[in-house]
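Trainee: Can you look at this prediction? I've put the sequence above it.
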Amino acid sequence: MNVLAIDTATNCGGVALSCRGKVIGLVIIKEPLRYSDTILDMTDFLLKQNCLSLEKIDCFAVSTGPGSFTGVRIGVTTIKSFCQAFDRPVVGISTLESLAYRFRQLHGHIAPMMDAGRQQIYGGLFKIEDSSISQEQAEQVMAPDIWLKGLPEKDYIIVGDGPQHFRDSIKKIVPRARVMETDMRIVDQLCSLAYQRFKQGKASTFHKLAVNYVRPPDIRKQTQKFKSKAR
């Protein structure tokens, strides 16, 4: 079984390919502004390198956010097009969940912390047990200090690019927390999670694939302000 995954929601996006649950190819690009220009070329390159075509893909996977609004739309739209063209199922996966799953060998509780700009972070809390992952706390976007204060008093590891930007807050509010400053590479984890969920019968159709912005897009906020003024 072949799975093709795309991530354009983070600043470390790319395309990954897996066969029978094992990742066999990976292309990474750390230039978010070029995602729309490069994602199809990267996909084509990866497939050719592995002597495959889109027709041979059994299931597609994509990061549905949170992350860059434009990036999320690029990835989701691309994957929807593939699914519609070849009548294939899809698995949409949270960016934060994928990041937490990247550290599944550590077991216990993983708290992904992702820079959201505007002095805010996207954060969540997940439990890893026997290579399976479950959500312990709803994904949120807020000031890092508020999020850190809301974490439960238990052992957990903070991962992601958030700690790079908010080290002082972490040291002050949760000094005992273990921290791993990492990049946001998750596309290979998308393949692994999608393979599991496909086998569990949890894949979906492109019609039901939804984005996971967590924070409403700016355009929605601006529309609401315009309507308020109009009244």
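Mentor: Arrived safely, thanks for sending.

Trainee: When you work out contacts or count neighbours from here on, use the C-alpha atoms and nothing else.
Mentor: OK.

Trainee: Please report how far residue 26 lies from residue 190.
Mentor: 12 Å (Cα to Cα, to the nearest Å).

Trainee: Looking at these two, which one has more neighbours?
Mentor: residue 190 (32 against 17; other Cα atoms under 10 Å).

Trainee: Quickly find the element holding that one.
Mentor: Per DSSP states H and E, residue 190 falls inside helix 187-199.

Trainee: other SSEs contacting that helix?
Mentor: Secondary-structure packing of helix 187-199 (3 or more Cα pairs under 8 Å, 6 or more residues apart in numbering; DSSP states H and E): strand 2-7, strand 13-19, strand 22-29, strand 59-63, strand 90-93, helix 95-101.

Trainee: and it, how far out from the chain's middle?
Mentor: 12 Å (Cα atoms, centre = their mean, to the nearest Å).

Trainee: ok, and for it, which residues are buried?
Mentor: 187-195, 198 (16 or more other Cα atoms under 10 Å).

Trainee: average model confidence for it?
Mentor: Helix 187-199 carries an average pLDDT of 97.

Trainee: what do you get for stretch 71-81?
Mentor: 98.

Trainee: Please pull out the lowest mean pLDDT helix or strand from this protein.
Mentor: helix 218-230 (a mean of 46; mean pLDDT, DSSP states H and E).

Trainee: State the distance from the residue most central in space within the chain to residue 19.
Mentor: With distances taken as Cα atoms, centre = their mean, residue 95 lies nearest the centre of the chain, 1.8 Å away. Residue 95 is 22 Å from residue 19, where distance means Cα to Cα.

Trainee: what's the longest helix belonging to the chain in contact with?
Mentor: With secondary structure taken from DSSP state H, the chain has its longest helix at helix 69-86. The contact list for helix 69-86 (Cα atoms under 8 Å, 6 or more residues apart in numbering) reads 6-10, 32, 35-36, 54-55, 60-66, 88-90, 205-207, 209, 211, 213, 217.

Trainee: between it and strand 2-7, how many degrees?
Mentor: 160 degrees (axes from the mean of the first three to the mean of the last three Cα atoms, to 10 degrees).

Trainee: which parts of the helix or strand where residue 136 lies are buried?
Mentor: Element membership of residue 136 [criterion: DSSP H and E] is strand 132-142. Neighbour-count burial for strand 132-142 flags 133, 139-142 (criterion: 16+ other Cα under 10 Å).

Trainee: Now do the same contact list for the residue nearest to residue 12 when sequence neighbours are not counted.
Mentor: Here the nearest residue to residue 12 in space, its sequence neighbours aside, is residue 30; by Cα to Cα, 6 or more residues apart in numbering that works out to 4.6 Å. When contacts are counted by Cα under 8 Å, 6+ apart, residue 30 touches 11-13.

Trainee: just the residues you listed now: which is nearest residue 1?
Mentor: Nearest to residue 1, judged by Cα to Cα, of the contacts of residue 30 is residue 13 at 23.1 Å.

Trainee: and that closest one, how many residues sit next to it?
Mentor: The number of residues near residue 13, taken as other Cα under 10 Å, comes to 25.

Trainee: hang on, isn't it packed against residue 189?
Mentor: No. If you go by Cα atoms under 8 Å, residue 13 and residue 189 don't touch, sitting 11.9 Å apart.

Trainee: now the residue nearest to residue 12: how far from residue 134?
Mentor: From residue 30 over to residue 134 (counting by Cα to Cα), the distance is 29 Å.
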